[in-house]
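Quick one, what's the 3D model for this:
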Amino acid sequence: MHQPRALVIGGGIGGLTAATALHQRGWAVTVLERAPALTPVGAGIGLMPNAQRALDVLGLGDRVRELAAWQGAGGLRTPAGRWLSRMDGRAVADRFGGPLVLLHRATLVGLLRDALPEGAVRTGVPATLADPGALAPVGRPAVVATPDGPLEAELVVAADGIRSAARRVLFPDHPGPAYAGYTTWRVVVARPERPFAPHETWGRGRLWGTQPLKDGRVYAYAMALTPEGGHAPDDERAELRRLFGDWHDPVPRLIEAAAPEDVLRHDVREMRVPLPAYHRGRTALVGDAAHAMQPTLAQGGNQAIEDAVVLAHHAGPGTAPAAPGAPSVPGTPDLAAYTAARLPRTTAIVRQAHRTGRASSLQGAFAVAVRDNLLAGVSRLAPGLMLRGFESIADWRPPQPD
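Have a look, this model is predicted:
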């Protein structure tokens, strides 16, 4: 019997998770990655219980939790060091049925790659969507163009990021992601000798976050309102020193510990106008290609993981159903069901991340003072209220296997 084929454009977290999920459903999967190697950016990724449950479906959740740092006591601070709110990781775990964990992106990419068959990932292969295909049992396959010639498949997963070329093929009239108004910096450095509590610090139009990794390093990230496309006149570490060098400890120490070439800078874009669908024909979009969002809720990678598991569920099994008369036809994914499951949820999260971004990037002295006093008051009088905004996100559960 013919084993249906799936081509995944993009070897990031969303693409590799989709490939793993489809492989476990019996599909013949090939990942086409433009870069010469699977070398994820030097940054961490926080996984909330919703993404961990999706990874549990793939049998990878326990391994992720074993390798990750579990979020403990921490909170929100001002640049001078005053604590605005405190958060106990145990409260998060109790409320949402699991912890918030943090690990290096390379660790997660390695786990996903190792879950795929030998040769399933092809690097150094730029691929573009040539034909999305016709979604019918006897319809035409989707076609992906590569330097070695066209490839056909019953399903194409476009996981090609914020600047997705596949999205432009599927929806050429859509405006795509818009600049969110700020730039982010990310770096991983050795943990300083003096201990510190995990924190996120909100200033006037600027933000800094410091989170420990389990391997003894620290993941730090920063944000500042800047014109689009900007670059430091010297190097990005010097830019961080100018913006954050007088903030509370350990921020200056972490900046000095960073090698200039290791500081990553990226403009942030978001999908303010939702796509009409996350599929067309036999092609589906996942992750930033479908719903780029601000990082303020730390949900970009989490939602890509959710996408992947839900897509594989609606793609159906890659082999004939065991029960006579079962409705699924191998190689005929129900992508309309995928869109129906994912578009409303991710659109709501994009909008919630946008609102949080507006609060964290306030610039006026009066507005910042009001914000900080409000956060401090809520944390003191109703600490559980700080977690309420994550209820509709972190309590998500994946669809049950067939």
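
tell me the mean pLDDT over stretch 252-259?
The average pLDDT for stretch 252-259 rounds to 96.

Pull the residues that contact it.
187, 189-190, 192, 194, 210, 218, 220, 237, 240-241, 244-246 (C-beta atoms under 8 Å, 6 or more residues apart in numbering). Where C-beta positions appear, they are placed from N, C-alpha and C, glycine not excepted.

rerun that using 10 Å as the cut-off
With C-beta atoms under 10 Å, 6 or more residues apart in numbering as the test, stretch 252-259 has contacts from 185, 187-194, 196, 208, 210, 217-220, 222, 235-247, 250, 263.

what distance separates that stretch from the centre of its chain?
26 Å (C-alpha atoms, centre = their mean, to the nearest Å).

about what we covered before: so of the contacts of stretch 252-259, which ones are in strands?
185, 187, 188, 189, 190, 208, 210, 217, 218, 219, 220, 222 (DSSP state E).

Turn these into CSV, columns for pLDDT.
Shown next, in CSV, are the ones in strands among the contacts of stretch 252-259 (pLDDT from 0 to 100):
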residue, pLDDT
185, 97
187, 96
188, 95
189, 94
190, 91
208, 98
210, 95
217, 93
218, 95
219, 96
220, 96
222, 98
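
Give me the buried entries from those residues.
185, 187, 188, 189, 208, 210, 217, 218, 219, 220, 222 (16 or more other C-beta atoms under 10 Å).

The fourth one contacts residue 211, correct?
In other words, residue 189. No: applying C-beta atoms under 10 Å as the test, residue 189 and residue 211 come out as separate, 11.6 Å apart.

Overlap in contacts, those two.
218, 219, 220.

closest to residue 153 among those residues?
Closest approach to residue 153 among the shared contacts of residue 189 and residue 211 (C-beta to C-beta): residue 219, at 36.1 Å.

pLDDT-wise, which helix or strand of this structure ranks last?
helix 385-388 (a mean of 72; mean pLDDT, DSSP states H and E).

any idea how far the residue positioned nearest the centre of the chain is from residue 7?
The chain has residue 301 as the residue nearest its centroid, 1.3 Å off, counting by C-alpha atoms, centre = their mean. In this view, residue 301 and residue 7 are 22 Å apart by C-beta to C-beta, to the nearest Å.

Same check on residue 256?
Distance from residue 256 to residue 7, by C-beta to C-beta: 45 Å.

Compare the two (neighbour count), which wins?
Taking other C-beta atoms under 10 Å, residue 256 and residue 7 do not tie; residue 7 has more neighbours (27 against 13).

so where does that one fall, helix or strand?
Following DSSP states H and E, one finds residue 7 within strand 5-9.

Could you spell out the sheet neighbours of that strand, each with its direction?
strand 28-33 (parallel), strand 155-158 (parallel) (DSSP bridges).

nearest to residue 347, of those strands?
It's strand 155-158; of the strands paired with strand 5-9, that one is closest to residue 347 (C-beta to C-beta) at 18.0 Å.
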